[in-house]
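In: attaching a predicted model along with its sequence, questions to come.
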Amino acid sequence: MTTAQPQGKVLPIRIAGDPVLHEPCADVTEFDAELEAFIETMFASMYAAEGVGLAANQIGVAKRIFVYDCPDATEQNQIGHVINPVLRELPATERILDDNAEACLSVPGQHAFVARPDTATVDGVDKNGNPISVTGTGLLARCLQHETDHLNGYLYIDRIAKKERQAILKELGTTY
Ligand code: NI
């Protein structure tokens, strides 16, 4: 659990089937006070939902922003935000797959096993528009990839077998 409790307002989490989750989000181009306030809203919404990461479209805003407060392989929680993230492609020879279970606030009460590289780096900018890079191991590696997927319009269940995805959507009582 986290101790940080930002003062942003809490917005409801959008659920699989909501079109905003299934389309690519737009790059952020304005770095102003409104953006800063929105990032606070994202943190507050993530903490209220007890998530370790949140993408902007999960609260209905189709902009390329995610926030995280997530443990890495050393069990240290890393906290931050990334705007306009791009996942660095690892050469196949450097990829070690982690095939743990994955879950998502937008697919409540469900999980599935998804193999992803066990280290990930995203390049982007911070709320002031300054270039940043975040590298994660452990759960944070999965989180960085999962949140970037969200901003590209994909859920983790888009990476599993169709049959398994359909079973999960049926459980949720939704479709897309
Ligand atoms: Ni998610």
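Out: Received it, and whenever you're ready, just let me know what you need. Residues are numbered from 1 along each chain as shown.

In: ranges for the strands of this structure?
Out: Ranges of strands in the chain, per DSSP state E, are 53-55, 65-71, 77-87, 97-98, 101-102, 112-113, 116-117, 119-125, 131-137.

In: to Tyr154, which of those lies closest?
Out: Closest of the strands of the chain to Tyr154 is strand 53-55, at 10.4 Å (criterion: CB to CB). For glycine as for every other residue, the C-beta is placed from the backbone atoms N, C-alpha and C.

In: what pairs with Asp123 across the strands?
Out: Beta-bridge partners for Asp123, by DSSP bridges, are Val86, Ser133.

In: how many other residues sit next to it?
Out: Counted with other CB atoms under 10 Å, the neighbours of Asp123 add up to 14.

In: against Phe113, how distant is it?
Out: Distance of Asp123 to Phe113, computed by CB to CB, to the nearest Å: 28 Å.

In: so which of the strands of the chain comes closest to Glu164?
Out: Closest to Glu164 of the strands of the chain is strand 112-113 (CB to CB; 6.1 Å).

In: now that closest one: mean pLDDT?
Out: Mean per-residue pLDDT for strand 112-113: 97.

In: how far does that strand sit from the chain's center?
Out: 16 Å (CA atoms, centre = their mean, to the nearest Å).

In: ditto for stretch 27-45
Out: Worked out by CA atoms, centre = their mean, stretch 27-45 lies 15 Å from the chain centre.

In: what about this structure, any weak spots by pLDDT?
Out: Residue ranges of the chain with pLDDT under 70: 1-7.

In: surely Val82 touches Thr135?
Out: No: in this structure Val82 lies outside contact range of Thr135 using CB atoms under 8 Å: 11.5 Å.

In: the more surrounded of the two?
Out: Neighbour totals were compared for Val82 and Thr135, and Val82 leads with 23 against 14 (other CB under 10 Å).

In: so what's that one bridging to?
Out: Phe66.

In: let me see the contact set for it.
Out: 65-66, 122, 124-126, 132, 134, 144, 147 (CB atoms under 8 Å, 6 or more residues apart in numbering).

In: how far out from the middle of the chain is the helix ranked longest in the chain?
Out: Secondary structure of the chain per DSSP state H: the longest helix is helix 33-48. Relative to the centre of its chain, helix 33-48 is centred 14 Å away, using CA atoms, centre = their mean.

In: what helices and strands are in contact with it?
Out: Helices and strands touching helix 33-48, as assessed by 3 or more CB pairs under 8 Å, 6 or more residues apart in numbering; DSSP states H and E, comprise strand 53-55, strand 65-71, strand 77-87.
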